[in-house]
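1. return a 3D structure for these sequence lines:
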Amino acid sequence: EVLTLLVLMYPLLRGLALHLHSAVTGSYIPGTHSIAFVSCLNEQIAEDIARAIMDKKLAAYVNILPKSSALYFWKGELEESTEILLLVKTRTSKIGELSNYVRSIHPFEIPEIISLPIDQGNPLYLKWIEENVPRD
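-> Model (predicted):
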């Protein structure tokens, strides 16, 4: 019974240990922050969505990358278009809220909103993200 409880609590205990280690040593916990990718039809939509994300304080930084070619299947047909890509730097804990918000304002029927955790990086930059995106 105690062993079962320990096994069930392992993820929580490991998370607490990582946070304590990070607080004591000042080290970064991999995955605390993420980069979200959001594709947009054109520059104006990309700028509007980026500004809306920043106004809601859902990110510390948004890159707006220039046009790129895209190939994809849509309703069984191969499509080709140009898109603008947003790279959104934020707290991982904000990804759900960011995704919901972008879906509510994005003109695409099924907008691309995917994210990857940041494993490592410049500690000062990661701290800056932390300082510029409010906690939940």
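2. any idea of the mean pLDDT for the helix or strand residue 83 falls within?
-> Applying DSSP states H and E as the criterion places residue 83 in strand 77-91. Averaging pLDDT along strand 77-91 gives 97.
3. stretch 53-61 now?
-> On average, stretch 53-61 scores 98.
4. in the protein, what secondary structure element scores lowest on mean pLDDT?
-> Within the chain, no helix or strand scores below helix 2-25, which has a mean of 59 by mean pLDDT, DSSP states H and E.
5. buried residues, stretch 52-72. List them.
-> 52-53, 58-62 (16 or more other C-beta atoms under 10 Å). Backbone N, C-alpha and C define where each C-beta goes, glycine included.
6. this structure - how does it break down into domains?
-> Per the TED database, the structural domains of the chain span 1-27, 31-132.
7. go through these and pick out the most buried.
-> domain 31-132 (a mean of 15; mean count of other C-beta atoms under 10 Å).
8. and the closest residue to residue 123 other than its chain neighbours, helix, strand or coil?
-> Sequence neighbours aside, residue 28 is the residue nearest to residue 123 in space, at 6.0 Å (criterion: C-beta to C-beta, 6 or more residues apart in numbering). Of the three states, residue 28 takes coil under DSSP: H, G, I helix; E, B strand; the rest coil.
9. residue 28 and residue 121 touch, don't they?
-> Yes: checked against C-beta atoms under 8 Å, the pair residue 28 and residue 121 is within contact range at 7.4 Å.
10. who does the residue nearest in space to the middle of the chain form a beta bridge with?
-> By C-alpha atoms, centre = their mean, the chain has its centre lying nearest to residue 36, at 3.5 Å. Bridge pairing for residue 36 (DSSP bridges) gives the partners residue 88, residue 115.
11. need the contact list for residue 132.
-> By C-beta atoms under 8 Å, 6 or more residues apart in numbering, the contact set of residue 132 is 57, 60-61.
12. closest one to residue 103 out of these, please.
-> residue 57 (18.0 Å; C-beta to C-beta).
13. burial measure for the residue nearest to the closest one when sequence neighbours are not counted, as a count.
-> Leaving out its chain neighbours, the residue that sits closest to residue 57 by C-beta to C-beta, 6+ apart is residue 134, at 5.6 Å. Residue 134: 9 surrounding residues under other C-beta atoms under 10 Å.
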